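> the sequence and its predicted three-dimensional model are supplied below.
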Amino acid sequence: MTITYPKDYSSKSLQTVLSGANSEVLFLGDPRVNIDHGLRMFDRMTQVMNTTRAGLVYSDAAGAPRIDYQLGSIRDNFDFGPVVALSMPKARQAGIAGDLKWGALYDLRLRLSLNHPIVRIPEPLYGASLDDTRPTGEKQFDYVDPRNRDYQVEMEQIATGHLKRIGAWLEPHFEQVSNSEPFPVKASVIIPVRNRERTISDAVRSALSQRTDFPFNVIVVDNHSTDRTSETLRGISDIRLKHLTPVRRDLGIGGCWNEAIYSTDCGQYAVQLDSDDLYIEEGVLGRIVAKLEEGPYAMVVGSYTMVDFSLQEIPPGLIDHREWTRDNGRNNALRINGLGAPRAFSTSILRRIGFPNVSYGEDYAVALRISREYEIGRIYESLYLCRRWEGNSDSALPREVANRYDSYKDWLRTLEIQARMRR
């Protein structure tokens, strides 16, 4: 057995490979990676494919464990590793769209998954050089890089076709948003924080400096900081600052958000600000609230600019998520890893949903759930300076942590797809 290396993943190239295959199992390799296959890699992958009747089989590599495939693993950047085994009879039966420039293997994988399992072998069957050694904090922004726009449009088309085939695609019909309960202020800026003594003062003062024609407050949920964060907050004398410390000590970021939105201090709208970051100018909060009421929308997502710790712009610069469209945004949201920032919500709707008590993907879970029923408004101009520095929780994740986060987001997608299939 040998590994076949297609020159690219266009429909033409992949169809040429499939039509030329003369065995029941075809092994596809990534030409960018040097693969040192183990003694029994081919036999083991073939054996598992026959046993499970899989359409596609992949495995761990030495020092590189992967995650299991599930219904919600529909993102185009799912990490199968540089070697996959395809069942030729099943692949030919599934077919490929005929005019794809980049996504033919992605399209084939989704089509295979309709009727056949996609199976991971949790055994290191080969060694491989890494083809992308950038830290996680850099790689996560590839899908919003304007240079990749045409690629992303094609991936969205492929994912949309898959959602339609499985009955999980939603038409652009939205529920009405209504706010009937009383609130102490129009808006609350929510800042969960733990051990951010270097940045928390900047974030809070950025929020307090907002100029609006409505009352607002700033709710900081201090998750039992052990540095000087709490002391810094106590030193800010402004009655609009609500400094909350949870009773519980097992809260993630999502749990801290729940402390804020279910508190009696929370306003009609809950607006996000991370403890590392700043609003870009004094009119941001007013603009976000105006957009929420324009719809009215259950949620509004703005745009932000990537900066270093000293607030100098760094690549890729503006993150505006212009891939979002009213007609298909909530469907494409199942393919990508996030919807953007800053995020703002109707508190009434948010209280009905609540955040999962985790520190990664909590915002994505809520956004998916909201988008199932309600329209999400967008602001495409930069509202926010997003600091990237060594203190960011996602700046350089160990593989096991990145795998856990990816698996969790795939699980969120699985739940949401199942819910949409039942609508």
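That came in fine, so what should we check first?

> need the contact list for the spatially closest residue to Tyr279 that is not a sequence neighbour.
Leaving aside its sequence neighbours, Tyr279 sits nearest to Ser206 (CB to CB, 6 or more residues apart in numbering; 4.9 Å). Any C-beta I mention is one placed from the backbone N, CA and C, and that applies to glycine too. Applying CB atoms under 8 Å, 6 or more residues apart in numbering to Ser206 gives the contacts 273, 277-279.

> which of those residues lies closest to Asp202?
Nearest to Asp202, judged by CB to CB, of these is Leu278 at 5.7 Å.

> list the beta-bridge partners for that closest one.
Under the criterion DSSP bridges, Leu278 forms beta bridges with Leu385.

> just curious, which of the contacts of Ser206 is nearest to Arg40?
Asp277 (49.9 Å).

> that closest one and Leu368, how far apart?
According to CB to CB, to the nearest Å, Asp277 and Leu368 sit 23 Å apart.

> what does Val17 give?
Separation of Val17 from Leu368 (CB to CB): 35 Å.

> Gly361 touches Lys409, doesn't it?
Yes. Contact criterion CB atoms under 8 Å: Gly361 and Lys409 qualify, at 5.0 Å.

> strands of the stretch 251-400 of the chain, start to end?
269-272, 278-279, 299-307, 313-319, 343-346, 376-387 (DSSP state E, counting those that start in this stretch).

> mean pLDDT lowest where, among those strands?
Lowest mean pLDDT of these: strand 313-319, a mean of 92.

> list the buried residues in that strand.
The neighbour-count check on strand 313-319 (16 or more other CB atoms under 10 Å) flags 316, 319 as buried.

> that strand vs strand 376-387, what angle?
On the basis of axes from the mean of the first three to the mean of the last three CA atoms, to 10 degrees, strand 313-319 is oriented at 170 degrees to strand 376-387.

> okay, strand 313-319 in CSV with CA atoms only?
Presented in CSV, the C-alpha positions along strand 313-319 are these (Å, rounded to 0.1, in the frame of the first residue of the first chain):
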residue,chain,number,x,y,z
GLU,A,313,-2.3,47.3,15.8
ILE,A,314,-1.0,43.8,14.8
PRO,A,315,-2.1,41.4,12.1
PRO,A,316,-4.7,40.6,11.0
GLY,A,317,-5.9,44.0,12.2
LEU,A,318,-9.6,44.5,11.9
ILE,A,319,-11.8,41.4,12.7
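
> the domain parsing of the chain - what is it?
Domain ranges of the chain: 3-133, 187-421, per automatic domain parsing.

> out of the ones you listed, which gets nearest to Arg149?
Between Arg149 and these, the shortest gap by CB to CB is with domain 187-421, which sits at 7.8 Å.
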